[in-house]
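**Student:** Give me the fold of what follows.
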Amino acid sequence: MASAFGHALLGATLGKLLLPSRSHWPYWLLAAACAVLPDADVVGFKFGVAYASLWGHRGLTHSVLAAVVLASVLVFLVRIFRPANQPAAGRLWLLLFLATVSHGVLDAMTTGGLGVAFLSPWEQQRYFFSFRPIQVSPIGVKRFAGAAAWRVLRSEAVWVGIPCLLLWLSQRILRPTQAQRQP
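**Tutor:** The predicted model follows:
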């Protein structure tokens, strides 16, 4: 898996790109959380859930279906609680879906694991992309330390951080600020 840092950075970047107004910063954080959430399946290891099972790591929680369900539930909850300055439902749904599904995309670009069950529960096949430059992160806080952490973070700085920075800079350059739009 990619680290929680890489997942959260990509989720927050998607938030900034799709909902660029600074007033939408809480949704950037929600997108970051959605991008990290699929790894909640690692709790299954404590209960003896096999890695390769439907409920195992990179299984159902990493699927496109899980992203659809999570985005739909969260948009529904946002609408119920009606926070101030909420974005359009469709745009928010797209953001939360993309942030959640981005988790599996990054994991499919890592150098380890069993692959990602994108089509779970209908298909248990696990997939990797042919381009796998991201160093796999050890599972667990204790294992993510020292040389292993630096190896993963260096890899993610190049393959996640730099692209996120370039996207953010492109948005700043290409999208005029409010002050520039007013005559």
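**Student:** can you give me the helices in this structure?
**Tutor:** 4-18, 25-36, 43-46, 64-81, 89-107, 146-156, 162-174, 178-181 (DSSP state H).
**Student:** do you know which of those lies nearest Val136?
**Tutor:** Closest approach to Val136 among those is made by helix 146-156 (7.5 Å; Cβ to Cβ). Backbone N, C-alpha and C define where each C-beta goes, glycine included.
**Student:** buried ones in the closest one?
**Tutor:** Val152, Leu153, Ser155, Glu156 (16 or more other Cβ atoms under 10 Å).
**Student:** List just the nearest of those residues to Leu167.
**Tutor:** Nearest to Leu167, judged by Cβ to Cβ, of the buried residues of helix 146-156 is Glu156 at 15.1 Å.
**Student:** residues in contact with the closest residue to the closest one other than its chain neighbours?
**Tutor:** Counting by Cβ to Cβ, 6 or more residues apart in numbering, Glu156 lies nearest to Gly6, which is 3.9 Å off, once chain neighbours are set aside. Applying Cβ atoms under 8 Å, 6 or more residues apart in numbering, we find Gly6 in contact with Leu106, Ile134, Val152, Glu156, Val160, Gly161.
**Student:** quick one: the fifth one and Pro133 touch, right?
**Tutor:** Looking back up the chat, that one is Val160. No. Using Cβ atoms under 8 Å, Val160 makes no contact with Pro133, being 10.0 Å away.
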